[in-house]
Every structure is written in C-alpha cells, then in structure tokens.
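*Asks:* when you get a sec, could you give me coordinates for this:
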Amino acid sequence: MKERIENLSKLFDQKIKDVTDEKQLEELRLEFIGKKGSVSLLMNDFRNVSNDQKREVGMLVNALKQKVETEVENLKQKLSDQKLENELKSQKRFDFTMPVNPKTGALNPRTILQKQIVDLFVSMGFIIEDGNEIETEYNNFDSVNVPRSHPARDMQDTFWLDNGEVLKTQTTAAQNRILRTHGPKCRVLFPGRCFRNEEIDATHENTFFQIEGVVVDENVSVSNLIYFMKEMLKGVFKKDVNVRMRPGFFPFTEPSFELDATCPICGGKGCNACSHTGWMELCPCGMIHPNVLKEAGIDPEKYNGFAFGLGFDRLVMIKTGLEDIRSLNGANIKLLSQFETKI
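*Replies:* As a prediction, the model looks like this:
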C-alpha cells in the first residue's frame, strides 16, 4: 500500500508538468481525486490494511490527497492569471497610459450637510444612531405619547403596510428604543429618512430627511436646548445666529417650541426666503414629555431632557439656494455636483 501511494505521488508529479490548459488540469484532477480517481480507490482499499498500519497509511493517503488538491488549485490560479495576461496583451487598442477621470459622480448636498451636522454633534459628545425606516405602530406612535385619536394616524398622513407596521413618519419613532438602549444619561443624535403621504410640490415631498437629537440627564433645562441649537446653527452657517422660541404643540414634548433663526440670507431684514419676516422656522423642539420618559423606563421624577427634530432638507435648500425640494431626490449630477464644495 505504501509503495502504491509513493508511485501515485511520482506519477502525479510527472503528469502535472505536462498540463498546459484548464481542460487538461481538470482531467488530471478527476484522474487522481475524482470519485473513481486513483486516490479515491486507495481510500476504498484502506479497509484491507492491517490494523497496526492503518494510522500510518491513512496519514500518507491524506497527505497525497491534500498535495493533489493544493497543486491543482495553485496551477489553476496560475493558468487563469496567464490567460488574463494574454488577453490584455492581445487588446492592442487599449492604451494603458490613457488618463482616467476619477470623478464619476458627486455627493448629494443633503449627504454633505448631514455629515457636517453629525461631525458637529459628535464634537459635543453625542453618540450617533440609526433608526429603522419601517417601524411598529407602537414605536412610531404609542411610545412617544401620540394617542389613537391623533390625526397623524389617519391614512392621509401615514403609509401603512399590510402587516400593520408603518413607514416611519418622523425620526421620533426611534426615541423609545434609543432611550431604553442608552439609559437616563445620554446624548444621542439619530438621522433618518421619513415618509408621509404628502401632496408633492416645490416645498413638499413624500420622502424627506430629518435629524433628531435627545439629551437626558438630571436638571436639563430649556437653556441647554437653546445652547445646542445655537451651536448647531453656528456650525452650519459659520457665524452666530440669533434664535427665538415660539410656543408649539407636540405630543412627545412638554413644553413644546418652534425654534426660529434669523434669516441667514437677509440677516433679518426680510426677503423671499423668509417670506419677508426676517425669521426662518427651522426646528420643532421641547422638553421630553414625562410620559415618553416613563414609557422608556426612565424615572421622570429624577431625570428630564430635551428633544429636537431638524428637517434638514429645508436647511440644504437654504444653503444651496435650491428652490425645489424635488431636486434633492433627483439624479441630476450636473445640478447637484456644483454644490459639493460650496456647502
């Protein structure tokens, strides 16, 4: 048996030297390690080996099988590389020295601004999380204190799926899960794509983007909220921006505010961008409702916090001067690439 193994090894060494293409290599592989190959027959005859030699002979057979497999695979790769090299050499019309333009596309202005905002909040100690685009009714509504009677649950606003889940209507849908994950002392920012059954026009889309943030700790105040918002706007517009807070109503915050910023286009003098008011509505925000904290397992008697939801498609339009929100969801590279270095 040992002599048979040695002779087969020498025979394989001789035959593999004569292989010049992949067809011959496959024939050689089948000859030795195919189902009816020489090595396979050796393994079938293994039962006839005496017990005291089984271990040694078994190791020799396995070594031969591994040798054949390895050398066949190595030669297969070598033949493939050689074939590719020959093909490339035969393509005389291909000029390898021809310069290539690496710039085949451009980042969407929305992507650029989102990265800037994310980097800014990371520098202020925020953790970045992702939310789901398909959410349960509980996460999208119940967990953030939106009652069943609220009009937001009506079909005209929300895309409902056949299984009872919804396309996320606002980034707030991730809030319960994030608060449960990070606990009562956290700073978290979670950007995301949202969906509502809107009538599409120059300023409304059924697919839009928001960036939401929450801060929860002991003794958090509205002053802290204003500070973070001003720092965010300062980072975006590269200058100090005045803000004002107007009363608002959102089920998930109490008190609730609408945050306006001095129009960065006209500096507060009044223009078309701000409807000649001097102010631009940017960000709904407020102190997280105690019911939302309680639903997330956080004691509202000990901890409080604030939340804000920035619809930054509007911010992108302000920064770029784009007048139609539909441009952001389009694929006009010529239009969108001009803003790559200007945002």
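*Asks:* helices along this structure, start to end?
*Replies:* Remark: helices assigned in the chain by DSSP state H are 2-17, 22-33, 38-44, 51-90, 109-123, 137-140, 175-182, 222-237, 290-295, 312-320, 333-336.
*Asks:* what's the most buried one of those helices?
*Replies:* helix 312-320 (a mean of 21; mean count of other C-beta atoms under 10 Å). Yep, even glycine has a C-beta here, placed from its N, CA and C like the rest.
*Asks:* rewinding a little: can you list the helices of the chain in CSV and add distance to Phe249 and mean pLDDT?
*Replies:* Shown next, in CSV, are those (distance: least, C-beta to C-beta, whole Å; pLDDT from 0 to 100):
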stretch, distance to Phe249, mean pLDDT
helix 2-17, 80, 86
helix 22-33, 72, 88
helix 38-44, 78, 79
helix 51-90, 66, 85
helix 109-123, 26, 91
helix 137-140, 18, 94
helix 175-182, 17, 94
helix 222-237, 16, 89
helix 290-295, 15, 96
helix 312-320, 20, 82
helix 333-336, 36, 79
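*Asks:* dump these to TSV, plus distance to Val216.
*Replies:* Output for the helices of the chain, formatted as TSV (distance: least, C-beta to C-beta, whole Å):
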stretch	distance to Val216
helix 2-17	69
helix 22-33	64
helix 38-44	66
helix 51-90	56
helix 109-123	15
helix 137-140	18
helix 175-182	7
helix 222-237	11
helix 290-295	7
helix 312-320	22
helix 333-336	37
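*Asks:* Glu205 is nearest to which of these?
*Replies:* The closest of the helices of the chain to Glu205 is helix 312-320. By C-beta to C-beta, the value is 7.3 Å.
*Asks:* what's the closest one packed up against?
*Replies:* Counting by 3 or more C-beta pairs under 8 Å, 6 or more residues apart in numbering; DSSP states H and E, the packing neighbours recorded for helix 312-320 are helix 109-123, strand 207-217, strand 279-288.
*Asks:* what about 7 Å?
*Replies:* On a contact count with 3 or more C-beta pairs under 7 Å, 6 or more residues apart in numbering; DSSP states H and E, helix 312-320 meets helix 109-123, strand 207-217.
*Asks:* looking at those, which is closest to Met59?
*Replies:* It's helix 109-123; of the helices and strands packed on helix 312-320, that one is closest to Met59 (C-beta to C-beta) at 57.3 Å.
*Asks:* check which helices and strands the closest one sits against.
*Replies:* For helix 109-123, the packing partners by 3+ C-beta pairs under 7 Å, 6+ apart are strand 186-195, strand 207-217, helix 222-237, helix 312-320.
*Asks:* in TSV: these, plus distance to Cys266.
*Replies:* TSV is the format used below for the helices and strands packed on helix 109-123 (distance: least, C-beta to C-beta, whole Å):
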stretch	distance to Cys266
strand 186-195	28
strand 207-217	25
helix 222-237	13
helix 312-320	11
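*Asks:* got the contact list for the most centrally placed residue in the chain?
*Replies:* Ranked by distance to the mean C-alpha position of the chain (C-alpha atoms, centre = their mean), the top residue is Asp130 at 7.8 Å. By C-beta atoms under 7 Å, 6 or more residues apart in numbering, the residues touching Asp130 are Phe190.
*Asks:* would you mind measuring from it to Val188?
*Replies:* 11 Å (C-beta to C-beta, to the nearest Å).
*Asks:* cool, and Leu315?
*Replies:* Taking C-beta to C-beta, one finds Leu315 at 20 Å from Val188.
*Asks:* repeat for Asn62
*Replies:* Per C-beta to C-beta, Asn62 is found 55 Å from Val188.
*Asks:* same deal with Thr169?
*Replies:* Taking C-beta to C-beta, one finds Thr169 at 20 Å from Val188.
*Asks:* so Cys255 sits right up against Cys285, yeah?
*Replies:* In this structure residue 255 is Pro, not Cys. No. Applying C-beta atoms under 7 Å as the test, Pro255 and Cys285 come out as separate, 10.0 Å apart.
*Asks:* between those two, which has more neighbouring residues?
*Replies:* The neighbour count for Pro255 versus Cys285, taken as other C-beta atoms under 10 Å, is higher for Cys285 (26 against 14).
*Asks:* that one touches Glu254, doesn't it?
*Replies:* No. Applying C-beta under 7 Å as the test, Cys285 and Glu254 come out as separate, 11.8 Å apart.
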